[in-house]
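J.: Sequence plus the predicted model coming up.
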Amino acid sequence: MPGHAFLIPSAPPRNSCATSYDWVEYFYQNAREPVLPWTDGVRLSGAERLTVIPSIQQFQLGEGASGARLLERAHRFSRATGDLGLIAALKLFLREEQRHSKILARFLQIENTACLRKHWVHTAFRCIRGLAGLELCLKVLVTAELLARPYYAALRDATGSPLLRSLSQRILEEEGAHLRFQAFALSRFQSRHSRLARDLTKGSHIVLLAATAVLVWLQHKPVFRAAGRTFREFWKETWLEFDLLYRESPRSPSPETK
């Protein structure tokens, strides 16, 4: 496990009514480039490369989304609700996601491997997000985050590379904070729905999550297997994250400004 050099600033406390501006402050504090062992000199073995490189290439592509359409929808929502801090927090959140992409790209460069320009999974998710409104767009995005947590834990454990283990742990920690931010963002919609509508949207989200989990397992099974994970364990970790997401976004506090 990495030492204190890889710790990240604390996100706003659980179960608190954190504001959009609390999240802006968190992302600003966490904006510094992480300290990672880029010069350790250890390279992947041939077997390790076959296991993890194609998988990392896919995730590197997915982490680099610009989020332009998400921000366009969020601008309208922020103006309508008066919560202008939300758009600022979303921009910083997306910038941090793009940093993950850059970190993975740098690792691939060290391993003399090119980044992917496109992949059908990435293209499919982009199309879904493009057709969705802000709430559904956020749920598609958070579905990817829910699956990223167990993925990066497995990637960390799949090889003996100190660099890959360290960067995976760093991204894993930041994705945990991202899920809490997205729970906060999704809570903005909860009070607008009836109990029945909330139950129906949660049910549809479960279907999306389960289908995507199967897809992620099939696409990245060598990484999970190398880390000693079964599909049952992968799904259990994913479901725990999903359950926590909905427990942390039960209702929406009134929009606030500072």
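T.: Yep, it's here.

J.: And the helices in the stretch 51-200 of the chain?
T.: 68-81, 84-110, 120-131, 134-158, 162-190, 195-226 (DSSP state H, counting those that start in this stretch).

J.: just flag whichever of those helices has the lowest average confidence.
T.: If you rank the helices of the stretch 51-200 of the chain by mean pLDDT, helix 120-131 sits at the bottom with a mean of 65.

J.: Let me have the helices of the stretch 51-200 of the chain in CSV, extended by mean neighbour count and distance to S45.
T.: Heads up, the C-betas are built off the backbone N, CA and C, glycines and all. Putting the helices of the stretch 51-200 of the chain into CSV (neighbours: other CB atoms under 10 Å; distance: least, CB to CB, whole Å) gives the following:
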stretch, mean neighbour count, distance to S45
helix 68-81, 15, 39
helix 84-110, 19, 14
helix 120-131, 14, 27
helix 134-158, 22, 12
helix 162-190, 21, 12
helix 195-226, 15, 11
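
J.: Now tabulate the ones you listed in a markdown table and tack on distance to P37.
T.: Formatted as a markdown table, the helices of the stretch 51-200 of the chain follow (distance: least, CB to CB, whole Å):
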| stretch | distance to P37 |
| --- | --- |
| helix 68-81 | 33 |
| helix 84-110 | 11 |
| helix 120-131 | 29 |
| helix 134-158 | 14 |
| helix 162-190 | 5 |
| helix 195-226 | 21 |
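
J.: Which one of these lies nearest to Q60?
T.: helix 84-110 (3.8 Å; CB to CB).

J.: what distance separates the closest one from the centre of its chain?
T.: 10 Å (CA atoms, centre = their mean, to the nearest Å).

J.: which other helices and strands contact that helix?
T.: helix 20-29, helix 46-63, helix 68-81, helix 162-190 (3 or more CB pairs under 8 Å, 6 or more residues apart in numbering; DSSP states H and E).
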